[in-house]
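# Got a predicted structure plus its sequence, pasted below:
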Amino acid sequence: MRLFLTAALSCFCFVSFASELRTATPENVGMSSERLARITDVVKRHIDTENIQGAVIGVRGRVKLST
């Protein structure tokens, strides 16, 4: 029961926080879409080889989250 309550509270906090995040394209915050795509490729490779089960990646440039 404690685990369920902790998970529920964590999800609630994340949803509350996520609604306040500002997003932008990588180029608008001084990043390269091509270079960020490399991160996706590396993570997918690790998932495919079952080194990890999954991942969530957030990249922040200046004051906005890159999408």
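Arrived safely, thanks for sending.
# buried sites along whatever helix or strand Lys44 lives in?
Using DSSP states H and E, Lys44 maps to helix 33-48. Across helix 33-48, burial judged by 16 or more other C-beta atoms under 10 Å covers Val43. Using the backbone N, CA and C atoms, a C-beta is placed for each residue, glycine as well.
# contacts for that helix?
25-27, 52-55, 57, 59, 66 (C-beta atoms under 8 Å, 6 or more residues apart in numbering).
# For Arg22, grab the count of nearby residues.
Applying other C-beta atoms under 10 Å, we find 10 residues neighbouring Arg22.
# shaky segments in the chain?
Where the chain drops to pLDDT under 70, the residues are 1-21, 61-67.
# If we use 90, what do you get?
Applying pLDDT under 90 to the chain flags residues 1-32, 36, 52-67.
# ranges for the strands of it?
23-24, 60-61, 64-66 (DSSP state E).
# Just checking: what are the partner strands of the first one?
Strand 23-24 sits in its sheet next to strand 64-66 (parallel), going by DSSP bridges.
# in terms of contact, does Val59 touch Gly30 like I think?
No: using C-beta atoms under 8 Å as the test, Val59 is too far from Gly30 to be in contact (11.5 Å).
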